[in-house]
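Peer 1: Compute the structure for the input listed below.
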Amino acid sequence: MSASGVNAPLTPSRLAVSAVVAVLRSAGSRHITEEALRRDITAGAPVNPDGTVNILHYAAWLAREAGRGD
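Peer 2: Presented below is the predicted three-dimensional model:
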């Protein structure tokens, strides 16, 4: 929410970690947490220079990681 109390539009290419978690949970993810996302970032998930996450790049990274069979 913005200071005016109105929900600000989400920018999929620049989401805070907490916003990524909220979006993925509302899309049905039962396992995503901020801690899990931060572990993914430590493991190489892409982040923007300002620390925000492009949710499409993150989703692509997850798909690549799942394809590795780890």
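
Peer 1: all contacts plus neighbour counts: C-alpha atoms, from now on.
Peer 2: OK.

Peer 1: longest single helix anywhere in this protein?
Peer 2: In the chain, assigned by DSSP state H, the helix with the most residues is helix 55-67.

Peer 1: Helix, strand, or coil at the spatially most central residue of the chain?
Peer 2: With distances taken as CA atoms, centre = their mean, the residue of the chain nearest its centroid is residue 20 (3.4 Å). Assigned by DSSP: H, G, I helix; E, B strand; the rest coil, the conformation of residue 20 is helix.

Peer 1: Let me know whether it touches residue 55 as I believe.
Peer 2: Yes. Between residue 20 and residue 55 there is a contact at 6.6 Å, judged by CA atoms under 8 Å.

Peer 1: returning to that earlier point: identify each buried residue in the longest helix of the chain, please.
Peer 2: Neighbour counts over helix 55-67 (16 or more other CA atoms under 10 Å) mark 55, 58, 61 as buried.

Peer 1: What about residue 47, how many residues nearby?
Peer 2: Other residues near residue 47 come to 19 when the count uses other CA atoms under 10 Å.

Peer 1: how near is it to residue 29?
Peer 2: Distance, residue 47 to residue 29, using CA to CA, to the nearest Å: 20 Å.

Peer 1: wait, what's in contact with the residue nearest to the centre of the chain?
Peer 2: Residue 20 makes contacts with 53, 55, as judged by CA atoms under 8 Å, 6 or more residues apart in numbering.

Peer 1: Could you measure from it over to residue 69?
Peer 2: Distance from residue 20 to residue 69, counting by CA to CA: 24 Å.

Peer 1: And for residue 13?
Peer 2: For residue 13, the distance to residue 69 equals 27 Å [CA to CA].

Peer 1: these two touch, right, residue 61 and residue 43?
Peer 2: No. Using CA under 8 Å, residue 61 is not in contact with residue 43; the gap is 10.6 Å.

Peer 1: per-residue pLDDT, residue 14?
Peer 2: Residue 14 is assigned 97 on the pLDDT scale.

Peer 1: Could you double-check that it sits in contact with residue 52?
Peer 2: Yes. Here residue 14 reaches residue 52: they are 5.2 Å apart, a contact under CA under 8 Å.
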